[in-house]
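Peer 1: Structure for the following, please:
(2 chains)
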Amino acid sequence: AQKITQTQPGMFVQEKEAVTLDCTYDTSDPSYGLFWYKQPSSGEMIFLIYQGSYDQQNATEGRYSLNFQKARKSANLVISASQLGDSAMYFCAMREEYNFNKFYFGSGTKLNVKP
Amino acid sequence: DSGVTQTPKHLITATGQRVTLRCSPRSGDLSVYWYQQSLDQGLQFLIQYYNGEERAKGNILERFSAQQFPDLHSELNLSSLELGDSALYFCASSVAGAPSNTEAFFGQGTRLTVV
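Peer 2: The predicted model follows:
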């Protein structure tokens, strides 16, 4: 079974609007972390935001927030007030504490921000 | 700058050849991960090392091998190269033994082209 599933291969959003990128995960480990990374066309992987499995509040980092629904095993990334520079691939990832801290990545969502 | 250094940045080689990709993790990070990203694909986990020992193995071909040296740098060896091995190879490092809330820091990647 896939550990991380991103069902949106590509998405478009108008500049200044908000967009939600979906991510669901599968784990039986009680302690895990969820991460989002951004990969611009230049190729580097940029860490955006983290959510812990025991965190009660949704994580926020500037214009990024993580909509964490533990019972549904979803960790959607919300980008508010989209900017042209947000156009990139976005990867959801999970780290299981007791599984040697392996990082699992989803297949990614390509976001295009339209002016 | 993530603090993770990968060399070379670009590599072009012929089928059947062997190459070595090098990674220097962030100072103090004991865990090193290797990922393969084929064109417009997600990240495939290859292998993880912790303080010189292999910790976890993913979808790594038998033609590929890796090691982590006492100074913690790691090398990924790819042999009998095929056209399908052309990809972006990432190295990432993280604090070992940390709880799952620690992100992985990625190098810039090595772009391998097999012709």
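
Peer 1: my guess is residue A:81 meets residue A:65, correct?
Peer 2: No. Applying Cβ atoms under 8 Å as the test, residue A:81 and residue A:65 come out as separate, 11.7 Å apart. For every residue, glycine as well, the C-beta is placed using N, CA and C.

Peer 1: Counting neighbours, go ahead and name the busier of the two.
Peer 2: Higher neighbour count among residue A:81 and residue A:65: residue A:65, with 19 against 12, using other Cβ atoms under 10 Å in any protein chain shown.

Peer 1: list the contacts for the more buried one?
Peer 2: A:49, A:58, A:59, A:77, A:78, A:80 (Cβ atoms under 8 Å, 6 or more residues apart in numbering or on different chains).

Peer 1: And the least confident helix or strand in chain A by mean pLDDT, what's buried?
Peer 2: The helix or strand of chain A with the poorest confidence is strand A:103-105; it has a mean of 85 (mean pLDDT, DSSP states H and E). Residues of strand A:103-105 classed as buried by neighbour count (16 or more other Cβ atoms under 10 Å in any protein chain shown): A:103, A:104, A:105.

Peer 1: tell me which of those residues is nearest to chain B?
Peer 2: residue A:105 (4.2 Å; Cβ to the nearest Cβ).

Peer 1: Make sure the closest one is actually in contact with residue B:46.
Peer 2: No. Judged on Cβ under 8 Å, residue A:105 makes no contact with residue B:46 at a distance of 11.9 Å.

Peer 1: between these two, what contacts are shared?
Peer 2: Contact criterion Cβ under 8 Å, 6+ apart; residues shared by residue A:105 and residue B:46: residue B:35.

Peer 1: Tell me which residues are up against the helix or strand residue B:66 falls within.
Peer 2: With secondary structure defined by DSSP states H and E, residue B:66 is part of strand B:64-68. By Cβ under 8 Å, 6+ apart, the surrounding residues in contact with strand B:64-68 are B:32, B:34, B:46-47, B:49-54, B:60, B:74-79.

Peer 1: thinking again about what came up before, check the buried residues of strand A:103-105 against chain B, which are close?
Peer 2: Residues shared between those and the neighbourhood of chain B are A:103, A:104, A:105 [Cβ under 8 Å from any Cβ of the partner chain].
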